[in-house]
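*Asks:* Can you look at this prediction? I've put the sequence above it.
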Amino acid sequence: MRMLLSLVAIAALVVVALMYFGIINIDQTRSGAIQTPKFEADVAKVRLGTETKTVAVPTISVEKPANSQAPAN
């Protein structure tokens, strides 16, 4: 029971934080007299894109030593 209550509390804190930072905006558009109230939610929009770029990458060359035998210990 405590775990469920903790999850509800965390969810409420997340919603409050999102409303504070303006990511979620909830407005009541109809009063709650006899009919049920009507709400509209305006949430932030995220757009992603890609672009092609040419990046210079350094080249690496490996040269073997002239004497390819391992030194004797």
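*Replies:* Structure received.
*Asks:* Can you show me the helices along this protein?
*Replies:* Counting by DSSP state H, residue ranges of the helices within the chain are 2-20.
*Asks:* the bottom helix or strand of it by mean pLDDT?
*Replies:* Within the chain, no helix or strand scores below strand 24-30, which has a mean of 77 by mean pLDDT, DSSP states H and E.
*Asks:* Alpha carbons of that one, in CSV - could you do that?
*Replies:* Once non-C-alpha atoms are left out, strand 24-30 reads as follows in CSV (Å, rounded to 0.1, in the frame of the first residue of the first chain):
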residue,chain,number,x,y,z
ILE,A,24,2.2,21.2,-19.8
ASN,A,25,-0.6,23.8,-19.6
ILE,A,26,-4.0,22.7,-18.5
ASP,A,27,-6.9,25.1,-18.7
GLN,A,28,-10.5,24.6,-17.7
THR,A,29,-12.7,25.6,-20.6
ARG,A,30,-16.1,24.9,-19.1
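*Asks:* can you offset everything so residue one is 14?
*Replies:* Taking 14 as the first residue, the last one we looked at is strand 37-43.
*Asks:* quick one: contacts of it?
*Replies:* Outside strand 37-43, the residues within contact range by CB atoms under 8 Å, 6 or more residues apart in numbering are 28, 31-32, 50-57. C-betas here are computed from N, CA, C, even on glycine.
*Asks:* In those residues, which has the lowest confidence score?
*Replies:* Minimum pLDDT across the contacts of strand 37-43 is recorded for P50, with 72.
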